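**Student:** sequence? don't have it. structure:
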C-alpha cells in the first residue's frame, strides 16, 4: 500500500530535486570552466614552446619535457589544473632565466644550473639587476592566490597509476631522443631551444656523473699506469708533505696578468698590423712563446681555473663550463696558496662581481687573501680601460709594499672584450690610423695597441715609484677572440670549423705568454717552454721567481718536462688522471 505524501513532503522532495538539478548545473559549469582553464594553460605552454623551440626534434623534445613536468607534479598533486599551472610557471621562468643567462654568458640554461645551486648565483643575479627584488616579491604575492584559486576550483583528479605510466613514457622518450641525437657542445651557445636543450643536458649530466663522476681521476689504489715512451718517473700513491719555505727570503713581487682575448694576429694570413706590433708579445729574453688555452672565443674562467690551480678544466668533461663553481671550496691546491706558504700576500683584482660563477669562493679556497671585485673598486661596469686596472694595481702596491712582504697579484684586463663591431672609447687613440683590415679586425688591433701603451706606462711607473723593489710580470692571453676563426681560415666551412674546434685543433686555442721583469733577473726560465699548456703556467711563474716548488708542483713539473709542455692530452689523458688521483689522496681535491 503506497504511502500518501502530504503537501509539505511533496514540496520538500521537489525542492531537493530542484537543488540537485542546480548542483548538477553548477558542477557542469564548474567542469566547463575547469576544462577551459586547463586547455588555456596547456595552449599557453604550447605557445611558449613553439616560439622558443626550432625544428621538429627540438619541439618534440620540449613537448615531452612539458609532459614530464605535468606528470611529475600529478604524482604528488593529482589535480591537472594545478599541475598545468605550476608547469607553465616553471616553463616561463626557465625560458626567462635561460635568456638572461645567455645575455650574460652566451650560454642557455642547462641541468647543471640546478645541480649546482649556490648562494653566489642568486647574489650575482641581484647584483646585476638590483631592482629585481621587488618584481620577484610581487610575482610571488600574485602567484600564491592564483594557484590557490586554481587548486580550489579544479574539479578533476588523475589516477597516480596513469601519472606514473605517462611519467615513465616521457622519461624513456626524452632519454632515447637525447641518446639517439646527443647534444653537441655548441648547441647551448645558440640562445634558442631552451627547454629541449635543458632536457638533453640532464641526460648528458646524469650519464657523465654515473660514469666518471665530477672529475676524471684514476680509481684509488690503481696499479701504475703506462707512461709515454721513454718516461721513467715514479708514480707515488700519495704526495709527501711540503717542506718549509723560507718566508724571510727576499723575493720579487709577482703580477700574473690576464690579457683579455689577446693573441698575435700575425698568425693569421694577410693581416696588416702597425709597426712594432709583435714586440708586445715578446719576453724579457726576446723570445715569443705560445700559451695553449682550453677555451676559444669566450670562457675566460677555464683559463682562470688553469692558471690558478695548475689543473685542467677538461678533466671535468661536459661539466667544465661550471668548473669554478664546482671547484669552489673543493679544490684547495693552487698558485696563491703555494706562494702564500713562502710569505707572499695574495691579491686578486677581479673585474666583475665576485659572485660571478663563484669566483670569490673559488679563489679564496686557493689562498687569495684579498679579493677585490668591481664593486670594491668603485665601478658598476666590468669593461674598463686597461689603465684603470693598472691604476688599481698601483694602489695595492702603494698600500702593501711598506709591509716588506712580497705581493702576488692576479690582475685582469677587460678592454679587449667583444664585441669589436663598435669602437670602444675612441678618445683613447686620437691619432689612430687603421692598418687596412676589416673594421672589426682593425678595432681589435686598435684595442691591443692601447693595452701595449698602457702596459708600458704601468711598467715605467713601477720603475719610477719602486726603484728598490723587484717585480716579475707574467702576461698571457686567456683565449682567442671569437673572430679569430675567420681570421685563421677565411671562408672555411662552418661545419668543418666546428669539427676542428671540437677536435681541439691547437691553432684555435693558441695565444701567447710573456715574462717581464722590473729590477729583477728571472731565476730560471728553463720551464718557460716555447709552447706551454695553460695548466703549467704556475710552475713557470714559481721557477722564474725563484720560489721552491711544493711536492705537488714538483711532481707536475716532471709531467711537464716528460710531456713537453702538454698536460691533459699527454698519454691519452693518463697523466692528468693519475695526477688528479694524487691530489685527491693528498686531500687537495675534496668531495669530487
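**Tutor:** Structure's in. What do you need? These figures come from a predicted structure and were not determined experimentally.

**Student:** show the pLDDT at the residue nearest to residue 544 when sequence neighbours are not counted.
**Tutor:** Spatial nearest neighbour of residue 544, chain neighbours left out: residue 522 (4.2 Å); criterion: Cβ to Cβ, 6 or more residues apart in numbering. Backbone N, C-alpha and C define where each C-beta goes, glycine included. In this model, residue 522 is scored at 96, pLDDT.

**Student:** helices and strands of this protein: which one bottoms out on pLDDT?
**Tutor:** helix 119-128 (a mean of 56; mean pLDDT, DSSP states H and E).

**Student:** rewinding a little: now the residue nearest to residue 544: which helix or strand?
**Tutor:** Using DSSP states H and E, residue 522 is not contained in any helix or strand.

**Student:** residue 63: how many residues sit nearby?
**Tutor:** By the criterion of other Cβ atoms under 10 Å, residue 63 has 19 neighbours.

**Student:** would you map the helices across the stretch 201-350 of the chain?
**Tutor:** For the stretch 201-350 of the chain, helices defined by DSSP state H, counting those that start in this stretch occupy the ranges 300-309, 323-327, 335-340.

**Student:** nearest to residue 479, of those?
**Tutor:** Smallest distance to residue 479 across the helices of the stretch 201-350 of the chain (Cβ to Cβ): 6.2 Å, for helix 300-309.

**Student:** show me what the closest one is packed up against.
**Tutor:** strand 253-259, helix 323-327, helix 335-340, helix 359-366, helix 537-545 (3 or more Cβ pairs under 8 Å, 6 or more residues apart in numbering; DSSP states H and E).

**Student:** least confident of the ones you listed, on average?
**Tutor:** For the helices and strands packed on helix 300-309, mean pLDDT drops lowest on helix 323-327, to a mean of 92.

**Student:** got the phi and psi for residue 408?
**Tutor:** Per-residue torsions, residue 408: phi -110, psi 130 (degrees, to the nearest 10).

**Student:** okay, now it: neighbour count?
**Tutor:** Residue 408 is flanked by 28 other residues according to other Cβ under 10 Å.

**Student:** who's in contact with residue 95?
**Tutor:** Applying Cβ atoms under 8 Å, 6 or more residues apart in numbering to residue 95 gives the contacts 48, 52, 194-195.

**Student:** pull the most distant pair out of the residues you listed.
**Tutor:** Greatest spacing in these, by Cβ to Cβ: 48 and 194 (9.6 Å).

**Student:** one step back: and which of the contacts of residue 95 is nearest residue 274?
**Tutor:** residue 194 (43.4 Å).

**Student:** next, the closest residue to that closest one other than its chain neighbours: phi, psi?
**Tutor:** Among residues not flanking residue 194 along the chain, residue 98 sits closest, at 4.0 Å (Cβ to Cβ, 6+ apart). Residue 98 adopts backbone torsions of phi -60, psi -40, taken as degrees, to the nearest 10.

**Student:** surely residue 98 meets residue 111?
**Tutor:** No. The pair residue 98 / residue 111 is not scored as a contact, 11.8 Å apart, by Cβ atoms under 8 Å.

**Student:** looking at those two, which is more packed in?
**Tutor:** In this view residue 98 and residue 111 are compared by other Cβ under 10 Å, and residue 98 has more residues nearby, 24 against 18.

**Student:** ok, the closest residue to residue 488 other than its chain neighbours - contacts?
**Tutor:** Nearest residue to residue 488, sequence neighbours excluded (Cβ to Cβ, 6+ apart): residue 268, at 5.0 Å. By Cβ under 8 Å, 6+ apart, the contact set of residue 268 is 484, 487-488.
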